[in-house]
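K.L.:
please work out how this folds:
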Amino acid sequence: MQVFHHVASLREALAETRRAGKTIGFVPTMGNLHDAHIQLVETARQHCDMVVVSIFVNRLQFGLNEDWDKYPRTLENDMARLREADCDFLFHPDENEIYPNGMDQQTRVVCPAMTDVLCGASRPGHFEGVTTVVAKLFNIVQPDSAVFGIKDFQQLAVIRRMVEDLCIPVEIIAAPVHREPDGLAMSSRNSYITAQERPRVPVLNQCLNWVKGEIESGRRDFAGLEAEASKRISESGFKVDYFSICNSRNLEPAAHDDTEITILGAMYTSAARLIDNVSLEL
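P.N.:
This next block holds a predicted model:
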């Protein structure tokens, strides 16, 4: 695995790869890699000849009171895992390399669609930070394909829209949610969950699947289902951020005649904000 810290040297290496006629897959991450990240790398490998992974904790997508300072940084372990996964190129820039003119003066990429609801409602500016850094990374790497996890369903939808709107020539590949045996979606922030909370956190996924089953059985009182699921989560000792039944394509509240539905939820533990979702077709 070749490791790069600068845009120029990475571009030079990737130019040689393209001249050799090889396709490039890309997996952008913020590090603290776990099995779900490795699954993304493996998915990229299935679609492309060479795989690039970036590790960059992007301060632009963190809010004022969020966890940028304490976000887990585990570079040595991350590099070992990527070598085991046969990653070809690791891009690990510092903030000055990504934002050479400072973040205050950084040109921003704004996607108006789907960014002020769900996670966007409680994390203002978050998706602007995501789309800005992902657009920059796409311009740096210029991959043929990029892989994102379905766990961040809203992020996936926003990036797809950005790619479509800006005519960026990259195929966006969605990878399934990677879960613990009890259903908890893998996340770097799971390390914040306390031992006392850990047996109870699968309630989010359990409620998502319960609502999915109710809809498949014919229930269409979506507001009632959202309220019941939120109550179950609250009774388990967690604060609900949102629990929403949405149209899978535009993330608007689902209508009774929608055929593609995604149920999304977010909740707070004492130190973590966890998200998850399930989708169904009717």
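
K.L.:
so residue 230 sits against residue 240, correct?
P.N.:
Yes: contact criterion Cβ atoms under 8 Å: residue 230 and residue 240 qualify, at 4.6 Å. Every residue, glycine included, has its C-beta placed from N, CA and C.

K.L.:
what residue is smack in the middle of this protein?
P.N.:
residue 152 (3.9 Å; Cα atoms, centre = their mean).

K.L.:
ok, now which ones touch that residue?
P.N.:
residue 275 (Cβ atoms under 8 Å, 6 or more residues apart in numbering).

K.L.:
that older thread, identify the contacts common to residue 230 and residue 240.
P.N.:
With Cβ under 8 Å, 6+ apart, residue 230 and residue 240 have no common neighbours.

K.L.:
now the residue nearest to the centre of the chain: how far from residue 33?
P.N.:
From residue 152 across to residue 33, the span is 15 Å (Cβ to Cβ, to the nearest Å).

K.L.:
what ranges do the helices span in the chain?
P.N.:
In the chain, the helices defined using DSSP state H lie at 7-19, 35-47, 75-84, 95-98, 119-122, 126-141, 153-165, 203-216, 222-235.

K.L.:
list the buried residues in the fifth one.
P.N.:
What that stands for is helix 119-122. Within helix 119-122, the residues scored as buried using 16 or more other Cβ atoms under 10 Å are 119, 120.

K.L.:
centre of the chain to it, how far?
P.N.:
In terms of Cα atoms, centre = their mean, to the nearest Å, the centre of helix 119-122 is found 14 Å from the chain centre.

K.L.:
ok, residues contacting it?
P.N.:
Against helix 119-122 from outside (Cβ under 8 Å, 6+ apart): 114, 126, 127, 154, 155, 241, 242, 266, 275.

K.L.:
just put those residues in a markdown table and tack on pLDDT.
P.N.:
Below are the contacts of helix 119-122 laid out as a markdown table (pLDDT from 0 to 100):
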| residue | pLDDT |
| --- | --- |
| 114 | 95 |
| 126 | 96 |
| 127 | 97 |
| 154 | 98 |
| 155 | 98 |
| 241 | 98 |
| 242 | 98 |
| 266 | 98 |
| 275 | 98 |
